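In: no sequence for this one, just the structure:
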């Protein structure tokens, strides 16, 4: 039976599950490592769910003692390796003289049928015995029944029918699958109830875990199954000792055959009947297996010497035995490619059972075939041993990781925590540690339960402390309720606003404040939360609807701007420079008036527009000042879509004013200097240069003033 993995179970605290909502106070702890108690944090009813620890303990004992049960992946398994160094080639009877004619003629066919089972090799004591009385029908592997579509009630009824009407030896897998499916469904229903409760605004501390009455029925049925299985095992054990007694009796009867004074043919047929009777008897105790087979082989050897089997017939049988053992060697060598060492080891046990059942081989091939089988066995055992050594190392690492998690929780328990926020943060930390715990595999068997108990107790200590803190701070919860009501009033005042960005930022700030406020009284928690969420949802739903309607207009704007760009690209100024210049200004104005385009097309459209406009400016034979103004207007149009453009434009406007004042001062200075130049010998040349500077400065002032006007008209400096 599959053991329940405590690492896969949900971590539970003594009083339920932990939630991330403010005021929660329950932790989840692993199921399956020992008895787990679950108590509701609410008033009154206390529910205890006990783990079937007894079932697991008995199943572990069964796995350790049952020769036919499924092998546990535990360290003890490595002791079951086939010790091939202890095996020796089987004793081979030497061929004798011819058998009497009556044996050769009358018993040749029967002899061939039975001689393959006369002798077997010695095998280690720890190789499991094969169930010799299994029928062909028993060997057929039927597909497992799919119970996943059944309800809990149907699962319980099916489990009862199986236990009442089928032998315990046949129903182990069915019982385990039904049990696993039942508890998965039980857990799934509990999680759904809890999620529904929380989605409805409930607090995790108010959630009560209910016990399904079917759970008690399942436990009763499992207890009944264990009792029937124990009774069956006792009967099986008694049958093994009875089988042992019968087989020793057959050995004595084989020994007695050599003292008969009857025809060899009759003696041989009696020997054959004894062999058939031997193989019809079931399994025997493992501890007596080697001695039993040694005695049997010895008696058969004596009998073969006695009846002097025909050498030709014996050689034929030896050849068949060799072929059978070569086939076993090939199967063993194929196991070297098996990716699962445990599975390869299990199959090897069966191959050794088959080897033991096969009779002797020719003397010249005996050592060679045995060495071949022994070599394959040795390599499989080595892989099996290395696998469990690796398992040991992994379990040691898991133990170290689990101890580290225990220490982290214990360190949190030593902290001085005095606020709701700190408790919530530490609770989230512990929940994350619990999730990490569930990702780890088993620790070594001796320490696994101990380290789990340590972790569980540390988690329970924290959450019990958290619950006490919340119970002692009811007045604070009332204050928190007042603060949250005030936030509701503020949110309701903003819910119908159309200032989308400002209002959205304001509501987000209110939501942050809401999270910072601690828990409120349980009875008011859901009501105040619904009120606040309703106001926020009302605004954000309106906002989403508004911007969803803009998508269509963006596509229309894109088409309009592309049309203007195409007109710009085709525009030929010709000789009418003034007309072309006015047309460019008109196209600029239209392009600017068109609204936003889809964000993914924004950069492409802007670059294409700018390049087309600059090419047209370059074609026009107009003053550089006019070109500068037009290009600057294009620049401002492009900046309108940039939310960070305002500061940049304001700085640029200030620089323009500073430059204008500087130029005006320079003009005054230059005009004053003209009077001094009149007295100089080169006065005309110098005056001309100064006047050119003054004229250039005035043109630049005019250009800068035009740019300032464009900035003011654009509104980018607001």
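Out: Structure received. Remember, it's a predicted structure, so these values are computed and weren't measured experimentally.
In: for this structure, longest helix please?
Out: Among the elements of the chain assigned as helix by DSSP state H, the one spanning the most residues is helix 363-413.
In: quick check: angle from the helix or strand just after that helix to helix 363-413?
Out: Elements were assigned by DSSP states H and E; along the chain past helix 363-413, the next helix or strand is helix 420-439. Using axes from the mean of the first three to the mean of the last three C-alpha atoms, to 10 degrees, the inter-axis angle of helix 420-439 relative to helix 363-413 is 180 degrees.
In: buried ones in helix 420-439?
Out: Residues of helix 420-439 classed as buried: 420, 423-424, 426-427, 430-431, 433-434, 437 (neighbour count, 16 or more other C-beta atoms under 10 Å). (C-beta placed from N, C-alpha, C; glycine too.)
In: Quick one: these as TSV, columns for pLDDT too.
Out: Listed next are those as TSV, based on pLDDT from 0 to 100:
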residue	pLDDT
420	73
423	85
424	84
426	88
427	91
430	91
431	93
433	91
434	91
437	91
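In: give me the element residue 710 is part of.
Out: Residue 710 belongs to helix 683-714 when elements are defined using DSSP H and E.
In: and residue 260, that's in a strand?
Out: No - assigned with DSSP: H, G, I helix; E, B strand; the rest coil, residue 260 falls outside any strand and is coil.
In: ok, so what distance separates it from residue 306?
Out: 9 Å (C-beta to C-beta, to the nearest Å).
In: who has more neighbours, those two?
Out: Neighbours were counted for residue 260 and for residue 306 using other C-beta atoms under 10 Å; residue 306 has more, 17 against 12.
In: residues near the residue nearest to the more buried one when sequence neighbours are not counted, how many?
Out: In space, not counting the residues next to it along the chain, residue 306 is nearest to residue 258; the distance is 4.4 Å by C-beta to C-beta, 6 or more residues apart in numbering. Under the neighbour criterion other C-beta under 10 Å, residue 258 is assigned a count of 14.
In: Residue 300 is in contact with residue 258, correct?
Out: No - counting by C-beta atoms under 8 Å, residue 258 does not reach residue 300; the two are 11.2 Å apart.
In: for residue 616, helix, strand, or coil?
Out: Following three-state DSSP, we place residue 616 in the helix state.
In: Go ahead and confirm it touches residue 581.
Out: No - taking C-beta under 8 Å as the contact criterion, residue 616 and residue 581 are not neighbours in contact, 9.3 Å apart.
In: can you pull the buried residues of stretch 598-605?
Out: Residues 601, 605 are the ones in stretch 598-605 that count as buried (16+ other C-beta under 10 Å).
In: What average pLDDT does that stretch get?
Out: Model confidence over stretch 598-605 averages 82 on the pLDDT scale.
In: what distance separates it from the centre of its chain?
Out: The gap between where stretch 598-605 is centred and where its chain is centred comes out at 41 Å by C-alpha atoms, centre = their mean, to the nearest Å.
In: before we move on, the earlier item: got CSV for the buried residues of helix 420-439, with distance to residue 405 too?
Out: Supplementary listing: the buried residues of helix 420-439 in CSV, determined by distance: C-beta to C-beta, whole Å:
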residue, distance to residue 405
420, 25
423, 20
424, 20
426, 14
427, 15
430, 10
431, 12
433, 5
434, 8
437, 6
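In: buried stuff in whatever helix or strand residue 273 lives in?
Out: Secondary structure from DSSP H and E places residue 273 in helix 264-280. The neighbour-count criterion (16+ other C-beta under 10 Å) identifies 264-265, 267-272, 274-275, 278 as the buried residues of helix 264-280.
In: With stretch 238-256 instead?
Out: The neighbour-count criterion (16+ other C-beta under 10 Å) identifies 240, 243-244, 247-248, 250-251, 253-254 as the buried residues of stretch 238-256.
In: Contacts for that stretch, please.
Out: With contact meaning C-beta atoms under 8 Å, 6 or more residues apart in numbering, stretch 238-256 is reached by 271, 274, 277-278, 281-285, 288, 292, 295-296, 299-300, 302-303.
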